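Undergrad: Have a look; sequence and predicted model below, questions after that.
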Amino acid sequence: MAVVRELRVFPLKSMGGISLTSAEVCATGLVHDREFMLIRPDRRHISQREAPKLALLRPDYDGVKLTVHAPHAALPLIHAPVDGPVTEVTVHGRPCRGIDQGDAPAAWFSDALGRPCRLVRFTGERRTLRNDGSLRFADGYPLSILSRESLDDLNTRVGSPLPMDRFRPNIVLEGLGAYGEDTVSTLRIGTVEIDLVRPCARCVIINIDQDSARKAPDPLRALAAYRTQAFDGSPEIMFGRLGGPRAPGVITVGDAVRASGSTGDDVSGPSPVAL
């Protein structure tokens with residue numbers, strides 16, 4: 001039987017995640033996931049691709065107060081979200097909207113990263129890549145799902161074991177077998193239903209150690225050797241799945257998971273799939 005093994009929420013896009021024992025799932029994914037993000041002066045989002053030190057920033061958000069710790073900051077940022085002018089921003093070139101959070105957090109993050117930036121909070125409406133759901137500042141879909149056994153298999157192919165946080169999933173499953181998520185179209189966890197709609201394409205961010213911000217090519221190189229697939233006309237390195245909620249509710253670590261394939265048949269630990 002498959003179960004939920006880990007849950008993570010990322011309140012501030014491309015920064016550290018928060019491990020949870022229980023999480024509320026809404027139309028845009030886990031509550032507060034990717035609710036905030038940093039933007040450049042040209043209003044494009046900032047990610048670990050260009051600012052690896054984002055990995056070292058540790059946010060916490062309870063819906064009332066955003067707290068962010070940085071390794072070399074004398075004091076953490078403590079910020080109560082504010083309303084204000086709406087700013088047109090982009091995520092990977094796709095337009096969306098945010099509310100600028102003011103000069104104080106902008107100065108704190110600019111100092112922590114050594115580059116000019118501003119903090120925005122999501123507002124408005126944003127659609128998934130297939131226009132089949134809603135999301136906040138996530139790249140294309142509100143939920144990222146990965147199997148524990150998939151990472152275990154990858155770790156047999158790299159020089160030293162990689163932790164799960166390197167891949168930044170929202171939901172970690174156990175019991176499907178290595179790459180079992182590849183053949184799943186629907187997850188049912190209590191009252192929550194999640195549609196898995198496409199493989200998760202991986203980029204250089206998985207080469208960044210989330211505890212040191214140092215880069216090494218091993219993870220992406222290892223995956224490229226056996227997880228490359230032509231998708232939408234171009235080769236992509238795939239690991240995990242992306243999806244969106246069909247029915248909301250609460251998920252708790254240890255919950256049983258019913259996983260169904262495209263035919264509606266239950267999937268119970270299929271053998272690894274080479275893409």
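TA: Cool, got the structure.
Undergrad: all strands of the stretch 1-150 of the chain, in order?
TA: 2-9, 18-20, 22-26, 29-30, 36-39, 58-61, 66-69, 77-79, 86-91, 94-100, 118-123, 143-147 (DSSP state E, counting those that start in this stretch).
Undergrad: how about JSON lines for the ones you listed, with mean pLDDT and mean neighbour count added?
TA: Quick note: C-beta positions are derived from backbone N, CA and C, even for glycine. Supplementary listing: those in JSON lines, determined by pLDDT from 0 to 100; neighbours: other Cβ atoms under 10 Å:
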{"stretch": "strand 2-9", "mean pLDDT": "98", "mean neighbour count": "20"}
{"stretch": "strand 18-20", "mean pLDDT": "97", "mean neighbour count": "15"}
{"stretch": "strand 22-26", "mean pLDDT": "98", "mean neighbour count": "19"}
{"stretch": "strand 29-30", "mean pLDDT": "98", "mean neighbour count": "25"}
{"stretch": "strand 36-39", "mean pLDDT": "98", "mean neighbour count": "25"}
{"stretch": "strand 58-61", "mean pLDDT": "97", "mean neighbour count": "19"}
{"stretch": "strand 66-69", "mean pLDDT": "98", "mean neighbour count": "19"}
{"stretch": "strand 77-79", "mean pLDDT": "98", "mean neighbour count": "17"}
{"stretch": "strand 86-91", "mean pLDDT": "96", "mean neighbour count": "16"}
{"stretch": "strand 94-100", "mean pLDDT": "97", "mean neighbour count": "18"}
{"stretch": "strand 118-123", "mean pLDDT": "98", "mean neighbour count": "22"}
{"stretch": "strand 143-147", "mean pLDDT": "98", "mean neighbour count": "24"}
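Undergrad: Same list, the ones you listed, but as CSV with distance to Ala201 please.
TA: Shown next, in CSV, are those (distance: least, Cβ to Cβ, whole Å):
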stretch, distance to Ala201
strand 2-9, 19
strand 18-20, 24
strand 22-26, 23
strand 29-30, 18
strand 36-39, 20
strand 58-61, 25
strand 66-69, 28
strand 77-79, 31
strand 86-91, 15
strand 94-100, 15
strand 118-123, 23
strand 143-147, 11
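Undergrad: mind checking which of these is nearest Leu129?
TA: If you check each of these against Leu129 by Cβ to Cβ, strand 94-100 wins as the nearest, at 8.4 Å.
Undergrad: the inter-axis angle of that closest one versus strand 118-123?
TA: 110 degrees (axes from the mean of the first three to the mean of the last three Cα atoms, to 10 degrees).
Undergrad: helices or strands next to strand 94-100 in the packing?
TA: Secondary structure elements in contact with strand 94-100, counted by 3 or more Cβ pairs under 8 Å, 6 or more residues apart in numbering; DSSP states H and E, are strand 86-91, strand 118-123.
Undergrad: could you dump those to JSON lines with distance to Gln229?
TA: Shown next, in JSON lines, are the helices and strands packed on strand 94-100 (distance: least, Cβ to Cβ, whole Å):
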{"stretch": "strand 86-91", "distance to Gln229": "23"}
{"stretch": "strand 118-123", "distance to Gln229": "31"}
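Undergrad: In the stretch 51-200 of the chain, mark out all the helices, start to finish.
TA: For the stretch 51-200 of the chain, the helices defined by DSSP state H, counting those that start in this stretch cover 103-113, 148-155.
Undergrad: of those, which approaches Thr183 most closely?
TA: So among these, helix 148-155 is nearest, using Cβ to Cβ, at 12.1 Å.
Undergrad: buried set for the closest one?
TA: 148-151, 154 (16 or more other Cβ atoms under 10 Å).
Undergrad: Touching that helix from outside, list them.
TA: 5-6, 161-162, 164, 167, 172-174, 176-181, 219, 222-223, 239-240, 272 (Cβ atoms under 8 Å, 6 or more residues apart in numbering).
Undergrad: All set, thanks.
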